[in-house]
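Enquirer: Pasting the sequence and the predicted model now:
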Amino acid sequence: MTNVYIISAPSGSGKSTLVNELRKIVPGLDFSISYTTRPRRGSEQNGREYFFVSRQQFDEMVRERMFLENAEVFGKCYGTAKRFLEQAQKSGNDLLLDIDVQGAAQIKKKFPQAVSIFVLPPNRQTLEWRLRNRGLDAEDVVQRRLITASREIENYDKYDYILINDRLEDSVEALKAIVLAERLQRSGKTLSADEAKNPQIAEQYKLRNVRERVKPILASFVTTPVSGGE
């Protein structure tokens, strides 16, 4: 049976880096490359970061029901093609979906058993620094992303696991433990002593166990005004 993993995060939270690192160290994990109508950025390549299509092409895919989920963000469309799940099922692999909160809600509705993971920045100030430091967006877009982030993080309690991405190495290990723990537990096999470590680590990141840690992060988005930059 193919396990489906959903990972969501506000833009700039380091989600893409986490996903890339996870794919290097966890075997049997397919990744869905989203389709989008937004233009390429920097060194992005078609078929690597995204499949870049026109709005007309995207709308045609919607009409033909080719997407597992699709949503519009900042006036640009994003969608996950059904073929990635079909390919994972045929190969006996699990599937990782890198999607926003709108897409995650659609997937959970269709596949309630999907494992959902929400990545949070340590606080709003760190997120703003990351957005500015990567230098991909104009100032008005940075401001819009910060406002959107404050709305997105309000959905954290709809996810199974919460990962606060403070130190990359720790976050990668936690994400690996979550994926392997769910895979092992759903396999129904008896876990070895080494394998049993993964559920123990993953348990720390379940929603019920991180609510107190999330409170100051939420507060930082509420109490800190969005700056106008320099």
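Expert: That came through, no problem.
Enquirer: Now do stretch 91-109: distance from first to last residue.
Expert: Terminal residues of stretch 91-109 lie 24 Å apart, using CA to CA, to the nearest Å.
Enquirer: how far does it sit from the chain's center?
Expert: Put simply, stretch 91-109 sits 9 Å off its chain's centre (CA atoms, centre = their mean, to the nearest Å).
Enquirer: Need the residues that contact it.
Expert: The contact list for stretch 91-109 (CB atoms under 8 Å, 6 or more residues apart in numbering) reads 2-8, 15-16, 19, 22-23, 28-32, 34, 68-71, 73, 78-80, 84-85, 88, 114, 116, 152, 155, 158-159, 179, 183. In this view, the C-beta of every residue, glycine as well, is placed from N, C-alpha and C.
Enquirer: How about stretch 58-75?
Expert: Here stretch 58-75 has contacts from 35-38, 53, 77-85, 97, 99-100, 102-104, 106-107, 110, 141, 144, 148, using CB under 8 Å, 6+ apart.
Enquirer: Just the buried residues from those residues, in PyMOL please.
Expert: If you want just the buried ones from those in PyMOL, going by 16 or more other CB atoms under 10 Å, the selection is:
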select buried, resi 35+36+37+53+77+78+79+80+81+84+85+97+99+100+102+103+104+106+107+148
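Enquirer: So which of the contacts of stretch 58-75 sit within helices?
Expert: 82-85, 102-104, 106-107, 110, 141, 144, 148 (DSSP state H).
Enquirer: which of those has the weakest pLDDT?
Expert: Among these, residue 141 carries the lowest pLDDT, at 80.
Enquirer: In space, what's closest to it - neighbours in sequence excluded?
Expert: Of all residues not flanking residue 141 in the chain, residue 74 sits nearest, at 7.7 Å (CB to CB, 6 or more residues apart in numbering).
Enquirer: This protein: strands as residue ranges?
Expert: Applying DSSP state E to the chain gives strands spanning 4-8, 29-32, 35-36, 51-52, 67-73, 76-81, 94-98, 115-120, 161-164.
Enquirer: For residue 42, which of those is the nearest?
Expert: For residue 42, the closest of the strands of the chain is strand 51-52, at 13.0 Å, according to CB to CB.
Enquirer: Leaving out chain neighbours, which residue sits closest to residue 144?
Expert: Closest to residue 144 by CB to CB, 6+ apart is residue 74, at 6.7 Å.
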